[in-house]
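[1] Sequence and predicted structure below; questions after.
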Amino acid sequence: MAAKSTLKNMALCLSAVCLICSAVVGGAYALTKEPIDEAAKAKTTASIARVLPAFTAEPELGSIELNGANYTYYNVPGTGVAIISATSGFGGILSLMVGIAEDGTIHNTTVLSHSETPGLGAKCTTDEHFIAQFQGFDPAVKSLAVKKDGGDVDAITASTITSRAYALAVSNAVAVFNQLKEGGLSNE
Amino acid sequence: MSKWHFVTDGFVKNNPTFVLVLGMCPTLATTTSAMNGLEMGLATMFVLILSNIVISLLAPMVPDKVRIPVYITVIATFVTVLQLLMQAFTPAVYETLGLFIPLIVVNCIVLGRAEGFANKHGVGESALDGLGVGLGFTASLTVIGIVREILGSGAVFGWKFISGDGILAFVMAPGAFLVLGFLMVLFNKYLAKK
């Protein structure tokens, strides 16, 4: 019942199937490109809104190099800066967005992506006490390291490595913020 | 004989997880919670139904020697389409399942049904088979997810009934194997009784 497996048949059949499939994938890509971009943009905007006080100005995208790493940030004039900061967590890259207000205090932090252990390190996205301690954190007064390392950050129970990575990411963001301040952010 | 047995077969007699023991990678990896299991099952069902339909239509025209590459191409197309759709319309779900969506391509359930069923049966029967096996896979994953979520996080579908933590091992890989093993025993005991 199946067509004969001659070279011509096989080549024709495979080419036809591949051609149709590529057309379908291409069509789907074209159709979904806009919604995908919008979803990504909405996510970024929502993250910025979460880590900074309410603002009206349009966030300006920028990037800066510090200690050999590249940081992307969104500067909201008059409100603060939302800095994307990534470090190595327990299971992979832990990527945060850290919102720092004009006066240098941390307004809020949010996890953009992580691959921490569910039920342990992954709690860095849900543990209210852990997240709340960074809100209003003043890096000029307190130290951004977990208490085990002599800092002021309460680690998540049984997830010291994740907590360390989180604190390091926030502290890197603070360094980026200071660098931006020195470079005269408003002039850029 | 009614055609509904194609659906129920996939659910019970040919249950992909507990009887055929296929597709273990997503089964073990994505069932950390009931919701994740359900979403993964539905994503696989989408691909399964569509690829079964298309392959049952293509089968008479495809030369025997190139049938596997043709099936894989068809399956990969649907998976890619699904991936794009999920990225566009359910980005949160896409983020949790992440890598396991593209991995549906190599899920042996999908190719197994294409090779073992769809290329020998008509369109309607293949669609029903895809639905049945898909539902069976979804139900199995959801059940594993529910058990792991209850034991591991003290919650069902994200609704917490105990404060604090559960037995963390059940959220991680060892718990996946344990729950799968015990559920498989129960399921087969039930089947044997019938």
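    Great, that's in hand.

[2] From now on I want contacts and neighbour counts done on CA atoms only, so please keep to that.
    Noted.

[3] what does chain A have sitting close to chain B?
    A:1-6, A:9-10, A:13-14, A:17-18, A:21-22, A:24-25, A:28-29, A:32-37, A:39, A:117-120 (C-alpha under 8 Å from any C-alpha of the partner chain).

[4] To what extent is residue A:101 buried, counted in neighbours?
    Neighbourhood size, residue A:101 [other C-alpha atoms under 10 Å in any protein chain shown]: 21.

[5] tell me the contacts of it?
    By C-alpha atoms under 8 Å, 6 or more residues apart in numbering or on different chains, the residues touching residue A:101 are A:52-53, A:79-81, A:107.

[6] Out of these, which comes closest to chain B?
    Distance to chain B, by C-alpha to the nearest C-alpha, is smallest for residue A:52 among those, at 21.9 Å.

[7] The closest one touches residue A:82, doesn't it?
    Yes - counting by C-alpha atoms under 8 Å, residue A:52 does reach residue A:82; the two are 7.0 Å apart.

[8] Touching both of those two, which residues are there?
    Residues touching both residue A:52 and residue A:82 (C-alpha under 8 Å, 6+ apart): A:99-100.

[9] which intervals of chain A have sub-threshold pLDDT?
    Along chain A, the model assigns pLDDT under 70 to residues A:1-3, A:184-188.

[10] Over to chain B?
    Within chain B, the ranges that satisfy pLDDT under 70 run B:1-2, B:164.

[11] Any idea which residue of it lies closest to chain A?
    For chain B, C-alpha to the nearest C-alpha, closest residue to chain A: residue B:88, 4.1 Å.

[12] related to what we said a few turns ago, higher neighbour count, residue A:52 and residue A:82?
    Just comparing residue A:52 and residue A:82: by other C-alpha under 10 Å the higher neighbour count belongs to residue A:82, 32 against 21.

[13] Do you have the helices of chain B handy? List them.
    B:4-11, B:24-30, B:34-58, B:67-89, B:91-97, B:108-116, B:123-153, B:173-193 (DSSP state H).

[14] The third one vs chain A: in contact?
    Read it as helix B:34-58. No - using C-alpha under 8 Å from any C-alpha, we find that helix B:34-58 stays clear of chain A, coming within 9.3 Å at best.

[15] by contact count, what packs against that helix?
    Counting by 3 or more C-alpha pairs under 8 Å, 6 or more residues apart in numbering or on different chains; DSSP states H and E, the packing neighbours recorded for helix B:34-58 are helix B:24-30, helix B:67-89, helix B:91-97, helix B:108-116, helix B:123-153.

[16] can you list the ones you listed in TSV and add mean neighbour count and distance to residue A:136?
    Formatted as TSV, these follow (neighbours: other C-alpha atoms under 10 Å in any protein chain shown; distance: least, C-alpha to C-alpha, whole Å):
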stretch	mean neighbour count	distance to residue A:136
helix B:24-30	20	36
helix B:67-89	21	34
helix B:91-97	16	28
helix B:108-116	20	51
helix B:123-153	25	30
